[in-house]
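# I would like to see how this sequence folds:
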Amino acid sequence: MSAATPVVTVDGPAGSGKTTLGRRLAAALHLPLIDTGLLYRGVTVAAVRAGLDASDPQRAAELAARTSIEVNTDPEASPGDWSVRVDGRDATAEARDPAQATLLAQLSQIPAVRAVLLGRQREMAAAGAVAVGRDCGTVVFPHAPVKFYLKASPHVRAERRAEQLRVAGTTVNAAQLEAEIAGRDALDTGRAVSPLRPAPDANIIDTGSLDVDAMVDVALRICRQAGLAAATRE
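Numbers count the residues shown, from 1 in each chain. Below you'll find the model as predicted:
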């Protein structure tokens, strides 16, 4: 991928607003949305179906290599649409199962698994994309012309997640939720392979101090300054 390819990266910790911003930018710029985390979730689904864990990195990498993972890149897909298919089967619900969070984290830290998925992510964005994840701007698309890194305190992110769960009718333990988010942050920033961190040239946005529309306005203004304005409807 060259610097001329219209790739916008959006990285940040869980609950920082990556997917929300990525979806809005992709729709405005008429670009596909690549949620890179869904590829790792797809491998996790395949591992669960095959009865594998993360104890054997080679087998995990072989599984990742032979598993077909399709990600829905339509930024305007409705909430009821499929998000990911694994070996031709809709795996949207399985991929979001919180019971697989530990396995997901373990598989995501295996270098050989990441190497397999790195090539797929780049292929998906060959003609341009808005890519959302944790290492898109630092590892996957280091030459992307526009990069964002979103941040917000664990407390703010826990409140957002708690509200989502309440709307879905789920009982919430706010203190436990905040502790889980802080723990995930520690894992993501402390891992040896592709740790979560802003790229040196990333535009950092504190989403704890902005509402969604203001966040999108800031990001679109930066995209215009980088020459991506021609693709917008505005």
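
# with adjacent residues omitted, what lies nearest to Arg161?
Gly15 (5.3 Å; Cβ to Cβ, 6 or more residues apart in numbering). Every C-beta, even on glycine, is put in place using the N, C-alpha and C of the backbone.

# how many other residues sit next to that neighbour?
Residues lying near Gly15 (other Cβ atoms under 10 Å) number 24.

# next: Thr170.
Counted with other Cβ under 10 Å, Thr170 comes out at 9.

# same check on Gly17?
24.

# surely it and Phe148 touch.
No: contact criterion Cβ atoms under 8 Å: Gly17 and Phe148 do not qualify, at 10.0 Å.

# contacts for stretch 208-217?
17, 20-21, 24-25, 28, 150-153, 156, 205, 207, 218 (Cβ atoms under 8 Å, 6 or more residues apart in numbering).

# could you check the pLDDT of the residue minimising distance to the centre of the chain?
With distances taken as Cα atoms, centre = their mean, Gly133 lies nearest the centre of the chain, 2.9 Å away. We have a pLDDT of 96 for Gly133.

# gap between it and Asp35?
7 Å (Cβ to Cβ, to the nearest Å).

# with Glu62 instead?
Between Glu62 and Asp35 the computed distance is 24 Å (Cβ to Cβ).

# and stretch 50-66, end to end?
End-to-end span of stretch 50-66 (Cα to Cα, to the nearest Å): 12 Å.

# buried sites along that stretch?
Buried residues in stretch 50-66, counted by 16 or more other Cβ atoms under 10 Å: 52, 54, 60-61, 63-64.

# run the chain-centre distance for that stretch.
Centre-to-centre, stretch 50-66 and its host chain are 21 Å apart (Cα atoms, centre = their mean, to the nearest Å).

# and what of stretch 59-75?
Using Cα atoms, centre = their mean, the offset of stretch 59-75 from its chain centre is 14 Å.

# name the residues that touch it?
With Cβ under 8 Å, 6+ apart, stretch 59-75 has contacts from 22-24, 26-27, 31-35, 38-39, 42-43, 46-47, 50, 52, 54, 81-88, 107, 110, 112-113, 115-117, 120, 124, 129-130.

# the residues you listed in strands, which ones?
Within the contacts of stretch 59-75, residues falling in strands by DSSP state E are 33-35, 84-86, 129-130.

# just to revisit the earlier point, pretty sure the residue nearest to the centre of the chain is touching Thr36, no?
Yes: with contacts counted by Cβ under 8 Å, Gly133 reaches Thr36, the gap being 3.6 Å.
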